[in-house]
Each structure stands twice: as C-alpha cells, then as structure tokens.
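> The sequence isn't on hand, but the structure is:
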C-alpha cells in the first residue's frame, strides 16, 4: 500500500512539473510575441551578414528575390522590407532582395587561349560560348583562338554569347593511297611510318598460295585521298 501511494504521488508530481513548464513556455512566448524589435539597416550587407544582424534583435530573414544591380556586387542586399528603423514584432521576418551583380559585364580577352580554357574563362565572366569557326593556318597552333567577337574589354549584357575563330593548325598536304596489295606488310608498315603516316596491321587470314605476311587487304583503297593523320590499316596472309 505505501508503495502504491508513493507511486501515485510521484506520478502526480511529474504531471504537475510537465504542466508547469508547458505553461511557463507558453507564457514566455505570449509575452515575447508582444515585444517589438528595431529593424537594423542591412542594405549593402552580404546575405549571411544580414541574417546575423537580424538574428541579434530576434528577427528572421526571408529572401524575396534577386535582381541585377550595378549598385551592389552579387550576394549583397539591395532592399529590405520593413525598412531600417521600423519596429516589428520579434520573430517576424524582414524580406530582402539580393543583388545578382551588374547586368553589364566586361568581355575578357580570349585570343591566344586554348579551346579547353575558353569555356571556364567566359563562365567566370558571366558569359557563354557562342559559335566557333575553324580555319587552317600556320600562324597559330591547332586549338588556339585567333579572333573573338565582341572584342575584349567590350561591355555586354550578362549571359551574352562570345563568338570566336580558332586555328586548326597548318593544313596537311594530301596524298593518293598507293596499291599495297601483294607487298610485304611489315616492310610497307616500316616505310610508311618513317614517312610520318599512321599505319597498322589489323589482322591476318589464310590465303592460298601466299607466304605469311603478304598484304591481302588495305584501307583506304588504292587512289583514295588521304593525309598523314589518316589511319592506314592492312590485313596480311598467314
């Protein structure tokens, strides 16, 4: 019996304490909601800095949107609502508009850069890669930018395209594919390789009456125009 009474009293004490702290919390929130805060000036501040300033007076921040602006760099607060000096209830929100940076950007110099470097350079400047024209020339290595439009240092709208002309290097001379059939494959391969051609023996097959290593098929075929960068493949007898 004493144990039951002790258990009952303990249960009642827990219920009482729970209700007490719940009532205290609700009461504190009620009084806090009645409090007001003086809104600080966060215009021109970075978004995270503005959040910290508002939290000091127990006011939240809400991103209303982003707009282009030449007045503030990207990520800084353009405007706020309510304005600085206003009084609002604590835990309310101050809506802010954040700068996307200037709508006009300066075109970087991309002449002389490689094709691989152009995309990141334009992206960093807020621009896009436009149309690419290619031309053979001995004046620039293959893959280098020769001309650009708009020119460097021009002011254009953000996200505009920059077009450019790129070099394909010096134009390789063209040759006519000779007839390699019935010649010795390894001898031909060595000779053409020494001349700068790309040559490969692609396979071997039985061919009646021929000793091993004789060319029985070739690609490109005889008379086909080719350059030194063209891959020549040969199949030989075995």
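Nice, I can see it. Predicted model, so just to flag it, every value in this text is computed and none were measured. Residues are numbered from 1 along each chain as shown.
> alpha carbons only for contacts and neighbour counts from here, please
Fine.
> Count residues in the vicinity of residue 137, would you?
15 (other C-alpha atoms under 10 Å).
> Kindly report the same for residue 84.
15.
> Now do the same contact list for the closest residue to it other than its chain neighbours.
Excluding the flanking residues, the one nearest residue 84 by C-alpha to C-alpha, 6 or more residues apart in numbering is residue 41, at 4.5 Å. By C-alpha atoms under 8 Å, 6 or more residues apart in numbering, the contact list for residue 41 reads 83-85.
> In three-state terms, label residue 41 for me.
Following DSSP: H, G, I helix; E, B strand; the rest coil, residue 41 is assigned to coil.
> and what of residue 91?
Under three-state DSSP, residue 91 comes out as coil.
> That one against residue 61, yeah?
No: contact criterion C-alpha atoms under 8 Å: residue 91 and residue 61 do not qualify, at 9.6 Å.
> Settle it for me: which of the two has more neighbours?
Using other C-alpha under 10 Å, the more surrounded residue of residue 91 and residue 61 is residue 61, with 21 against 18.
> Bridge partners for the more buried one, pull those for me.
residue 94 (DSSP bridges).
> That one reaches residue 54, doesn't it?
Yes: using C-alpha under 8 Å, residue 61 is in contact with residue 54, at 7.0 Å.
> mean confidence for the one helix or strand residue 80 maps to?
For residue 80, the enclosing helix or strand under DSSP states H and E is strand 77-81. Strand 77-81 carries an average pLDDT of 96.
> and if you look at stretch 197-215?
The predicted model assigns stretch 197-215 a mean pLDDT of 93.
> for stretch 51-68, same thing?
Mean predicted confidence for stretch 51-68 is 94.
> Flag every buried residue along that stretch.
51, 53-54, 58-61, 66, 68 (16 or more other C-alpha atoms under 10 Å).
> ok, how many other residues are close to residue 127?
Residue 127 has 22 neighbours, counted by other C-alpha under 10 Å.
> Going along the chain, name the helices of this protein.
2-33, 47-56, 115-124, 185-194 (DSSP state H).
> contacts for the second one?
Contacts of helix 47-56 from elsewhere in the structure, counted by C-alpha under 8 Å, 6+ apart, are 39-40, 42, 60-61, 75-77, 98.
> try it again with 6 Å
Applying C-alpha atoms under 6 Å, 6 or more residues apart in numbering, the contact partners of helix 47-56 are 42, 61, 76.
> ok, now the last one?
If you take C-alpha under 6 Å, 6+ apart as the criterion, helix 185-194 is touched by 199, 213-215.
> roughly how far apart are the residue nearest to residue 155 when sequence neighbours are not counted and residue 49?
Among residues not flanking residue 155 along the chain, residue 106 sits closest, at 4.7 Å (C-alpha to C-alpha, 6+ apart). Here residue 106 is placed at a distance of 28 Å from residue 49 (C-alpha to C-alpha, to the nearest Å).
> Pick the one among the contacts of helix 185-194 closest to residue 232.
Closest to residue 232 out of those is residue 199 (4.7 Å), distances taken as C-alpha to C-alpha.
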